[in-house]
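Engineer: need the 3D shape of this:
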Amino acid sequence: MTTLLVVIGLIALVLSLLLPFAVRPLLRRLGVIDIPNTRSSHSTVVLRGMGLAVSLAILVALALSLATGLVAVDRSLILVILVLVAAASALGWIEDFRGLSVRVRLATQLLIGAVGTAALATTIDDSSYWWIPVGAVAVATYINAANFMDGINGISGMHGLVVGLFYAWAGVLSDQLWLTVAGLVVAAAFAGFLPWNLGRGFVFLGDVGSYLLGASIAAIAVTGLLAGVYLEYLLSPVLIYLADTFTTFLRRARRGERLSTAHRQHVYQRLTDTGLSHVQVSVLVSVLSALTGAAGFVLATAPAPLAVSASLFAAAVVAVYLYSPRIFRAAARRRVAAGA
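Structural biologist: Below you'll find the predicted structure:
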């Protein structure tokens, strides 16, 4: 079983590395490009939509986990995740290729989340139907969080890698193989995208990729929660993304800004404005996400004193991240003053 698990992970990785060779000409032919705007952290026209390759890698690997019998128990959970991820990816592709109104996108995201959660409730526990609105909001929220955070090179690929690995380990600790498989496949597929995103001829995930990332993580998290996995295992690796998204949203709402307009006010964007490179910021976000993830894993099963310490540590990590632009800006000013 371990060998087959590794093989499935390698298939996701290799497909994500190789499929862009086939997808890139398609994107060029269709004219799926990203034109810089006020939100952008790049200054040149770039191909977007390469998330299509990552999506295919994940879907094929998940399908193979079912076809090979790797996931012999809870097969329906993998199937629901597969369908939900495929639907979200399709929505993102339509947005990349043709464009959709905000209302249509949000309504469809909520519908995808609601239908997916309803299917899970039917599969896992008939008394779980009250989770349907919760699941709908969770899926739509994290799809948009991943989309908002997909603004610099490396950040989404690293996020998928980090969260996927934590979810895979959560599956091991919870003795739920479906979770290990799903987490490993997501981690491997997004790892395979990183060379394309960080290389000299870099390309972007596009909405198909950011929707894929958000839907994959949300689908696994909602499924895990309904299946009895500790909430701490599922929530802790995504705290940094959620904190950045919600604090930015609240800050802009308080200022009376139009929330649908492009902007560069996310913490990670302000970090690049301090002089840090895309890779440096992406690594920072990923490391801090790993720290909150580790704290959450300790918190889930720790005795009270250690649980309190883990909670305070996670809160401190989030606080450091939210204030990090000020910290790096102050450090930059000190360097300038010292060199004057």
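Engineer: which stretches of the stretch 1-150 of the chain have low pLDDT?
Structural biologist: Low-confidence segments of the stretch 1-150 of the chain, defined by pLDDT under 70, are located at 34-44, 126-127.
Engineer: where do the strands of it begin and end?
Structural biologist: Along the stretch 1-150 of the chain, the segments classed as strands by DSSP state E, counting those that start in this stretch run 33-34, 46-47.
Engineer: deepest of those strands, which one?
Structural biologist: strand 46-47 (a mean of 20; mean count of other CB atoms under 10 Å). Where you see a C-beta, it was placed from the backbone N, CA and C, and this is true even at glycine.
Engineer: distance from the chain centre to that strand, please.
Structural biologist: Averaging C-alpha positions (CA atoms, centre = their mean, to the nearest Å) puts strand 46-47 21 Å from its chain's average.
Engineer: ok, back up a step: could the strands of the stretch 1-150 of the chain be laid out in TSV, adding distance to residue 182?
Structural biologist: Conversion of those to TSV gives the following (distance: least, CB to CB, whole Å):
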stretch	distance to residue 182
strand 33-34	29
strand 46-47	28
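Engineer: out of these, which gets nearest to residue 102?
Structural biologist: Distance to residue 102, taken as CB to CB, is lowest for strand 33-34 among the strands of the stretch 1-150 of the chain, at 18.4 Å.
Engineer: OK, contacts around the residue lying closest to residue 63 once chain neighbours are set aside?
Structural biologist: Distances taken as CB to CB, 6 or more residues apart in numbering place residue 82 nearest to residue 63, at 6.6 Å, with adjacent residues excluded. Residues in contact with residue 82, defined by CB atoms under 8 Å, 6 or more residues apart in numbering, are 59, 62-63.
Engineer: swap in residue 12?
Structural biologist: Applying CB under 8 Å, 6+ apart, we find residue 12 in contact with 57-58, 60-61, 184-185, 188-189, 192.
Engineer: could you count how many residues lie near residue 208?
Structural biologist: Counted by other CB atoms under 10 Å, the residues lying close to residue 208 total 27.
Engineer: now residue 263
Structural biologist: 15.
Engineer: low-confidence ranges in the stretch 201-340 of the chain?
Structural biologist: In the stretch 201-340 of the chain, residues with pLDDT under 70: 201, 339-340.
Engineer: quick one, helices of it?
Structural biologist: Under the criterion DSSP state H, counting those that start in this stretch, the stretch 201-340 of the chain contains helices at 206-226, 231-235, 239-254, 267-273, 278-301, 304-339.
Engineer: for the fourth one, which outside residues touch it?
Structural biologist: Where contact means CB under 8 Å, 6+ apart, the residues beyond helix 267-273 that reach it are 39, 41, 149, 151-152, 155, 244, 247-248, 264, 278, 281-282, 284-285, 321-322, 324-325, 328.
Engineer: mind checking how far the nearest residue to residue 276 once chain neighbours are set aside is from residue 153?
Structural biologist: Counting by CB to CB, 6+ apart, residue 328 is the residue found nearest to residue 276 once chain neighbours are left out, at 6.4 Å. Between residue 328 and residue 153 the distance is 18 Å, computed by CB to CB, to the nearest Å.
Engineer: of those two, who's got more company?
Structural biologist: Taking other CB under 10 Å, residue 328 and residue 153 do not tie; residue 153 has more neighbours (23 against 20).
Engineer: residues contacting the more buried one?
Structural biologist: Applying CB under 8 Å, 6+ apart to residue 153 gives the contacts 42, 197-198, 202, 278-279, 282.
Engineer: go on, residue 231?
Structural biologist: By CB under 8 Å, 6+ apart, the contact set of residue 231 is 225, 300.
Engineer: same thing but 7 Å
Structural biologist: residue 225 (CB atoms under 7 Å, 6 or more residues apart in numbering).
Engineer: I'd like the distance between it and residue 315.
Structural biologist: Distance from residue 231 to residue 315, by CB to CB: 16 Å.
Engineer: over to residue 292?
Structural biologist: On the measure of CB to CB, residue 292 and residue 315 end up 9 Å apart.
Engineer: who's more crowded, these two?
Structural biologist: More neighbours surround residue 292 than the other of residue 292 and residue 315, with 27 against 14 (other CB under 10 Å).
Engineer: that one contacts residue 235, doesn't it?
Structural biologist: No - Residue 292 is beyond contact range of residue 235, at 9.1 Å (criterion: CB atoms under 7 Å).
Engineer: cheers, nothing more for now.
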